[in-house]
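S.K.: my questions are about this predicted structure, shown below with the sequence.
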Amino acid sequence: MNILDLDHSLTHQAPIALRLADGRAIRMDLLALGPKLRLWSTERNYQRFAKLLQERPRRAAHRPEIFFVGSGDYHHLTPALLADLHEPVTLVHFDNHPDWVRFAPRRHCGSWINRALRLHNIKRIVTLGPCSDDLKSPQFKGANLGALRSGALQLFPWRHAPTKVWGRIGDGAGHEQHENLLYWRNLADQDWPTFIDKLIKNLPTTGVWISIDKDVLASEDAATNWDQGGMRLTHLLHAIRALATSKRVLGIDVCGDFARAPHSNLLKRWEAKSDQPPPERWSESDLLRNSTTNKALISLFEELFP
C-alpha cells in the first residue's frame, strides 16, 4: 500500500501509521511538491510527480497497487497512476462530483476525467454517486457531455433532479433524455446489490481500476474539503467486494481526506474559497470519521488482496 504524503492528512491516522510502522505500507514524501499540485498543477509539476511516482517499489504483478493520496484536491493525479497499465481497463469512479469540466486550467481536480478518457487503455469510465450542483446547467460549466453521448462515460448520480440541457445527448446507462431534460437513474432509488451486479455484468473489460473520492460519502462517514454526497460506507464496501469477486482489480486510489490548505497562490486561494465549504465546519471529532473509514477500506483491501 502506497501512502502519497502530499498534505500531512494521512500519516497521523492510526490505521495508516500502524501499517507504515510495520512495513505493510510505504510512504512517499511528496510534501515539497504537494502545494504545487493541489487543486491544479502546471504540466511541469505534474510531470515531476509522474517521474517521482516511477521510483516507487512495485508490488507483485498479480496484486493490485493501492494508493492513498490525501485530499480530494489531488484527484487529478489519478491519470499518472493509470499510465503504466497495458491492457484494456474500465475505470470505476466513486465521487460526489463528475470531474468532467473541459475548460479548467492545467491539470485540475475538476477536469481529470477528460485526461483519463484520452489514455489508450481506458475503455470506459463509470462515475457513481454525484449529488453536487455540477449536474445543474452542466453545459454552462463546461461538462463533457460528448463523452456521455458516446458512451465512453456513464454517470449514475446518487440523487439528482433532472438536468436541463440543449441539443441531443441521447439515452445512456445512467440517464434518459426527454426533450431538453436528462432524467437520471438515481442510485438512492435502486436496490444496491442488484444494481452493482448488473453494472459489473455490463463492464466491457475484465480489468478494472477503482478510484474513490470520499466526498461521495455522506457526512456520517467522511469529512472532506468538499461538499459531501449521500452514499454510505456500506454501499462503497459492497461495491468494492463485488468488483473484486467478479473482475480483476488492477489498482485502487483513495482520496478525500481533509487537509487545510494555506495556499500561497492567489488564484488557488480564491478558487478554494469560492468552491469549497469553509473548513471550520468540521470539528476534530468529525475528522476522526476519515480514520474510521480508511480503516474499514484498508481492512477490506487486505482481506481481498492478501
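M.R.: On my side now, so go ahead. Numbering: from 1, shown residues only.

S.K.: now do the contacts for the residue lying closest to residue 301 once chain neighbours are set aside.
M.R.: Using Cβ to Cβ, 6 or more residues apart in numbering and skipping the chain neighbours, the partner closest in space to residue 301 is residue 66 (5.6 Å). To be clear about C-beta, it is placed using only N, CA and C from the backbone, and glycine gets the same treatment. Contacts for residue 66 (Cβ atoms under 8 Å, 6 or more residues apart in numbering) come out as 1, 2, 251, 252, 253, 254, 301, 305.

S.K.: pick the one among those residues closest to residue 145.
M.R.: Of all those, residue 145 sits closest to residue 253, with 25.3 Å by Cβ to Cβ.

S.K.: I'd guessed the closest one sits against residue 76; true?
M.R.: No - using Cβ atoms under 8 Å as the test, residue 253 is too far from residue 76 to be in contact (11.4 Å).

S.K.: out of the two, which sits in the busier spot?
M.R.: Using other Cβ atoms under 10 Å, the more surrounded residue of residue 253 and residue 76 is residue 76, with 27 against 23.

S.K.: at which residues are the helices of the chain located?
M.R.: 14-22, 34-37, 43-53, 78-82, 112-117, 145-150, 192-201, 233-246, 266-275, 284-304 (DSSP state H).

S.K.: now those as JSON lines including distance to residue 163 and mean neighbour count?
M.R.: Shown next, in JSON lines, are these (distance: least, Cβ to Cβ, whole Å; neighbours: other Cβ atoms under 10 Å):
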{"stretch": "helix 14-22", "distance to residue 163": "38", "mean neighbour count": "15"}
{"stretch": "helix 34-37", "distance to residue 163": "31", "mean neighbour count": "20"}
{"stretch": "helix 43-53", "distance to residue 163": "31", "mean neighbour count": "15"}
{"stretch": "helix 78-82", "distance to residue 163": "25", "mean neighbour count": "21"}
{"stretch": "helix 112-117", "distance to residue 163": "17", "mean neighbour count": "22"}
{"stretch": "helix 145-150", "distance to residue 163": "9", "mean neighbour count": "18"}
{"stretch": "helix 192-201", "distance to residue 163": "20", "mean neighbour count": "15"}
{"stretch": "helix 233-246", "distance to residue 163": "23", "mean neighbour count": "18"}
{"stretch": "helix 266-275", "distance to residue 163": "20", "mean neighbour count": "13"}
{"stretch": "helix 284-304", "distance to residue 163": "29", "mean neighbour count": "16"}
